[in-house]
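*Asks:* I need the structure of the sequence given here:
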Amino acid sequence: MKYLGNALSLGMLDELEHLPAVTLTVAALDNAAAAKWTAENEWESCVGHADTARLLSSLLAQDVQMRRVSTSLVVGDELLVAQYNGPRSRPPYPNSSNFSPMMRHVQSTWRRFVG
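*Replies:* Residues are numbered from 1 along each chain as shown. Alright, predicted model coming up:
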């Protein structure tokens, strides 16, 4: 299974209960590579915040749903993580018409995890 999320936690690694060790492969991606990955793959969103999902939708030029779910990763799964690096205050951006000025302050660090 493939997932798009905004965090990785050791609690998401279901195999830790059953295996003595788990190895993750971590690859850095830029925005273009992340957009290509999401366009070429079927994936489920596990982005837990609506504002983050909107930011990612804008960065990837496709719809990213906010889905605050518990995700368990198993061997062979992939998780593309967008680490948000931007202002933590909540400026007024209730709709997309005034959301775009926020984008100039946003950087995202993409990491693809494969187990």
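
*Asks:* Now for the residue of the chain positioned farthest from its centre: which residues touch it?
*Replies:* In the chain, the greatest distance from the average C-alpha position (C-alpha atoms, centre = their mean) is reached by P20, at 27.3 Å. If you count contacts by C-beta atoms under 8 Å, 6 or more residues apart in numbering, P20 has none. No exception for glycine: its C-beta is placed from N, CA and C like everyone else's.

*Asks:* partners of the nearest residue to N41 once chain neighbours are set aside in the sheet?
*Replies:* Distances taken as C-beta to C-beta, 6 or more residues apart in numbering put K2 closest to N41, at 5.1 Å, once the chain neighbours are dropped. In this entry, K2 is beta-bridged to E78, by DSSP bridges.

*Asks:* What's the separation between K2 and T38?
*Replies:* Distance of K2 to T38, given as C-beta to C-beta, to the nearest Å: 9 Å.

*Asks:* looking at the protein, which helix or strand is least sure?
*Replies:* Every helix and strand in the chain was compared by mean pLDDT, DSSP states H and E; the lowest is helix 100-103, with a mean of 45.

*Asks:* quick revisit: which residues are common contacts for K2 and T38?
*Replies:* Residues touching both K2 and T38 (C-beta under 8 Å, 6+ apart) are L80.

*Asks:* In terms of packing, which of these two has more residues around it?
*Replies:* T38 (20 against 16; other C-beta atoms under 10 Å).

*Asks:* element containing the more buried one?
*Replies:* Under the criterion of DSSP states H and E, T38 resides in helix 31-40.

*Asks:* buried set for that helix?
*Replies:* A34, A35, W37, T38 (16 or more other C-beta atoms under 10 Å).

*Asks:* next one: stretch 47-62
*Replies:* For stretch 47-62, the neighbour count (16+ other C-beta under 10 Å) marks V47, T52, A53, R54, L55, L56, S57, S58, L59, L60 as buried.

*Asks:* same check, this time on stretch 14-28
*Replies:* Those would be D14, for stretch 14-28 by 16+ other C-beta under 10 Å.

*Asks:* Can you measure across it, start residue to end residue?
*Replies:* Criterion C-alpha to C-alpha, to the nearest Å; first-to-last residue distance in stretch 14-28 is 23 Å.
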